[in-house]
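*Asks:* Let's see this in three dimensions:
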Amino acid sequence: IPHSYPNPAGDVLFLATEMNVKEIAIYDIYGRMTTVYGLQTTDFVNRIEIADLETGVYFINIKTDKGNIVRRFIKN
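*Replies:* Next up, the predicted model:
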């Protein structure tokens, strides 16, 4: 099961998963997409730069080969 850390996060969010991640999309609290990362990786930990995001609550949608998973995180 994917998990992201640290939470709250500063300029970098790490996503740890053993699944094949195809795409990561970040949405704001209102459901507006802010960023999309197209990945074709099986790395255990993915580094996501979030320095451009404003402070607040966000959701990360993780598209894997086994379906989509949504996690919540806070940007400091």
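*Asks:* quick one: buried residues of the lowest-mean-pLDDT helix or strand in the chain?
*Replies:* Ranked by mean pLDDT, DSSP states H and E, the weakest helix or strand in the chain is strand 33-41, scoring a mean of 80. Neighbour-count burial for strand 33-41 flags residue 39 (criterion: 16 or more other CB atoms under 10 Å). In short, each C-beta sits where N, CA and C put it, glycine included.
*Asks:* what residues are up against residue 11?
*Replies:* 49-51 (CB atoms under 8 Å, 6 or more residues apart in numbering).
*Asks:* Hmm, residue 70 and residue 58 touching each other?
*Replies:* No. At 10.7 Å, residue 58 and residue 70 do not qualify as touching, with contact defined as CB atoms under 8 Å.
*Asks:* Who has more neighbours out of these two?
*Replies:* residue 58 (21 against 11; other CB atoms under 10 Å).
*Asks:* what about the more buried one, which SS state?
*Replies:* Three-state secondary structure (criterion: DSSP: H, G, I helix; E, B strand; the rest coil) places residue 58 in strand.
*Asks:* okay, which residue is most central for this protein?
*Replies:* If you average the C-alpha coordinates of the chain and look for the closest C-alpha using CA atoms, centre = their mean, you land on residue 60, 4.0 Å from that point.
*Asks:* I'd say it and residue 68 touch.
*Replies:* No. The criterion here is CB under 8 Å, and residue 60 misses it with residue 68 at 10.6 Å.
*Asks:* pLDDT weak spots in this protein?
*Replies:* Screening the chain residue by residue with the criterion pLDDT under 70, one finds the ranges 1, 40-43.
*Asks:* Recalculate using a threshold of 90.
*Replies:* Counting by pLDDT under 90, the low-confidence segments of the chain come to 1-5, 15-23, 35-49, 64-66.
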